[in-house]
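Asks: I'll drop the sequence and a predicted model, then ask my questions.
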Amino acid sequence: MVQFLVKAVTNNHTDETRPMEVRETAKIGEGAFGTVLRAYLKGTSSSESSTGNILEQESDWIGPFAIKKVPAQTEYKSRELEILRKTSHPNVVTLEFFFTYPNPEDRNKLYQHLVMESLPCNLQSEIKRYRVSNLILPESHIQVYAFQIARAMNYLHSFGICHRDIKPSNVLIEPDTLLLKICDFGSAKRLEPNQPSVSYICSRYYRAPELIIGCSLYTTQIDIWGLGCVLGEMFMGRPVFQGQEPMLQLREISKLLGPPDKEFIYESNPSYNGPMYNHKLYSSSVPTRFKKVFAEASPEAVDLLTKVLVYRPQDRFVPSQIMAHIFFDPLRDPNFRVTPRTVNAKIEFRDSLFNFSDYELRTLGDLAARVLPRE
Ligand SMILES: Nc1ncnc2c1ncn2[C@@H]1O[C@H](COP(=O)(O)OP(=O)(O)OP(=O)(O)O)[C@@H](O)[C@H]1O
C-alpha cells in the first residue's frame, strides 16, 4: 500500500483543485501505456477558527477508484484526458479527478494520473470465466452487453470520437447488474473528415481490414469492426480472427468473409503492395460460413454479425442501425428480465438500457422509434 499527498487534484465535475491524499491499494491492470491501480482519495480542507488559527479538516476516504498512470511527457500523443473530460455517458467510464505527480521510482519523471470510477471486471475475463467451463455467455447477457457497446459508440461517434482500440479488455462490466462501460481512451482521437490518421493503431485481432491494408483516411467505422469482433468473441469464447502475425490477420478475415476485392483494397490504400489473399479459401458461401463459425449464435445474432463484419466501412452498420436490429428485440420487450451470473434474481433493464438523453435521441433520428422499447 502506498500513500501520498498531492497538492493539486482537480475534480473533473466541479473543476475545483485542492490538496488530496491518495492511497493506492492494489494493481488492477497493466497495459502497453500505463498501470492501473485501485485507490482511495481523501480531501483536506482548511478553515480559520475564531482565534485566527488555521484548522485542517479531514474528510473521509472516498472510492474505490481506478487510477491510470501514464508518463506525462512522451512523444506519443495521448488525448485520453481531453476526451474523458468531454464525455459523459452511462456506457463510457467516468473520470472523477486528475492530477500529475512524480513517479516514486524516478522523481524526475511526471505521471499523469486519471482517477476513474472503478468497475469490478472486464469482458475479457468474463468470456474466459465461461470458457474454462466450456461455456459461452448466455445470449441474453450478450444482448445486454452488445447493446451498451453500440450505445456508447453512437454517442462517441456523434462527436467524431473514434476509440481506436476496441477489444474485450477495454470493456468494463459489473456482473451483478450487467452494466457496461468502455474504457481506455489512450488511443482515441476525434477524427476530422479528410484528415489522415496513423493506421498502426488497434490491437491485432480487432483491427479493421482497412487498417491492416494501411488506410490513413479511415472513419469511426473501424470501431464497428471491433464491436463485431467482440460480439463474435462472446459467441465463440475466443477471438474470431486470430492472426499469428500482422499480415496473417487479413488471411484470417478472408477465411470468413472471402477474399477482399480489389476495389476495397484500392479505396483503402492505393499503394498497398502486401498479400491480396485473393484465392478463395473455402468453397462454401459466406452466409454458410457465418452460420458454421458462429454455431452457438441465434439466426438473429448471425444476421447482425453479417452486417458488422463487412469489408467496406461504408457498408458496415452504424451504431443506431445496430441498436435497431432484431437481435436486440427481446430487450425491447417490457417483460425482458435476466439473471446475472452473480445474483440469484431476475433483473430488469428498461431504465438502464433506454435512458437516452435528448441529445442521444436526436442522434438516433428516424431510427429512434425502432430502437426504443415497445410500450
Ligand atoms: N475504470 C476502471 N475500472 C476497473 N478496471 C479498469 C479501469 N480502467 C482500466 N481497468 C483495467 O486495467 C486494464 C488496463 O487499462 P487500460 O486499457 O486503460 O490501460 P492501457 O495501458 O491502455 O492497456 P492496453 O495496452 O492493454 O490497452 C483494463 O483492461 C482493465 O482491466
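Replies: Happy to help now that I have it.

Asks: CA only for contacts and neighbour counts going forward, please
Replies: OK.

Asks: Show me the helices in this structure, by range?
Replies: Assignment of helices within the chain using DSSP state H yields the ranges 80-86, 123-131, 139-158, 209-212, 221-236, 248-257, 262-268, 286-293, 299-308, 319-324, 329-332, 350-354, 358-364, 368-371.

Asks: can the fifth one be found next to the ligand?
Replies: No: counting by Cα under 6 Å from any ligand atom, the ligand is not contacted by helix 221-236; separation bottoms out at 13.5 Å.

Asks: So for that helix, mean pLDDT?
Replies: Here the mean pLDDT over helix 221-236 is 98, rounded to a whole number.

Asks: from now on call the first residue 31
Replies: OK, 31 is where the count begins now, so the last one is helix 251-266.

Asks: Next, the angle helix 329-338 makes with it.
Replies: Compare the direction of helix 251-266 with that of helix 329-338 by axes from the mean of the first three to the mean of the last three Cα atoms, to 10 degrees and you get 150 degrees.

Asks: returning to that earlier point: which one of the helices of the chain is the most hemmed in?
Replies: Stretch with highest mean neighbour count among these: helix 251-266 (a mean of 25; mean count of other Cα atoms under 10 Å).

Asks: Please enumerate residues in contact with it?
Replies: Contacts made with helix 251-266 from outside it, assessed by Cα atoms under 8 Å, 6 or more residues apart in numbering, are listed as 157, 166-167, 172, 176, 179-180, 183, 192-198, 236-238, 241, 269-271, 323-324, 326-327, 335, 338-340, 343-344, 346-349.

Asks: could you redo the last one with a cut-off of 7 Å?
Replies: Here helix 251-266 makes contact (Cα atoms under 7 Å, 6 or more residues apart in numbering) with 157, 166-167, 172, 176, 192-194, 196-198, 236-238, 269-270, 324, 326-327, 335, 338-339, 343.

Asks: one step back: check the helices of the chain for me: which has the lowest mean pLDDT.
Replies: Comparing mean pLDDT across the helices of the chain, the lowest value falls on helix 380-384: a mean of 89.

Asks: and it, how far out from the chain's middle?
Replies: Centroid displacement of helix 380-384 relative to its chain, using Cα atoms, centre = their mean, to the nearest Å, is 19 Å.

Asks: Can you show me the CA trace of that helix as PDB?
Replies: Listed in PDB are the C-alpha atoms of helix 380-384, where the atom choice follows Å, rounded to 0.1, in the frame of the first residue of the first chain:
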ATOM      1  CA  ARG A 380     -35.600  -0.900 -19.200                       C
ATOM      2  CA  ASP A 381     -34.300   2.100 -17.300                       C
ATOM      3  CA  SER A 382     -30.600   1.400 -17.600                       C
ATOM      4  CA  LEU A 383     -30.600   0.500 -21.300                       C
ATOM      5  CA  PHE A 384     -33.000   3.000 -22.700                       C
END
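
Asks: would TSV of the helices of the chain with distance to residue 46 be doable?
Replies: Written out in TSV, the entries for the helices of the chain read as follows (distance: least, Cα to Cα, whole Å):
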stretch	distance to residue 46
helix 110-116	14
helix 153-161	34
helix 169-188	26
helix 239-242	41
helix 251-266	34
helix 278-287	47
helix 292-298	46
helix 316-323	52
helix 329-338	43
helix 349-354	35
helix 359-362	40
helix 380-384	30
helix 388-394	27
helix 398-401	37
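
Asks: now do the same end-to-end measure for stretch 230-237.
Replies: The first and final residues of stretch 230-237 sit 9 Å from each other (Cα to Cα, to the nearest Å).

Asks: quick one: contacts for the residue of the chain positioned farthest from its centre?
Replies: Of all residues in the chain, residue 81 sits farthest from the chain's C-alpha centroid, using Cα atoms, centre = their mean; the distance is 53.7 Å. Contacts were defined as Cα under 7 Å, 6+ apart; by that measure residue 81 touches no other residue.

Asks: Just give the closest residue to residue 277, not the sequence neighbours.
Replies: Sequence neighbours aside, residue 242 is the residue nearest to residue 277 in space, at 7.3 Å (criterion: Cα to Cα, 6 or more residues apart in numbering).

Asks: now swap in residue 327 and tell me
Replies: Once its chain neighbours are removed from consideration, residue 327 has its nearest residue in residue 265; the separation is 6.1 Å (Cα to Cα, 6+ apart).

Asks: Who is the residue nearest to the spatial centre of the chain paired with across the strands?
Replies: In the chain, the C-alpha nearest the mean C-alpha coordinate belongs to residue 212, at 3.3 Å (Cα atoms, centre = their mean). Per DSSP bridges, residues listed as beta-bridge partners of residue 212: residue 122, residue 201.

Asks: doesn't residue 121 make contact with it?
Replies: Yes: counting by Cα atoms under 7 Å, residue 212 does reach residue 121; the two are 6.2 Å apart.

Asks: List the buried residues in stretch 201-218.
Replies: For stretch 201-218, a neighbour-count test (16 or more other Cα atoms under 10 Å) marks 201-205, 207-218 as buried.

Asks: One more: stretch 44-63?
Replies: Of the residues in stretch 44-63, those scored as buried under the neighbour-count criterion (16+ other Cα under 10 Å) are 50, 51, 52, 53, 54, 58.
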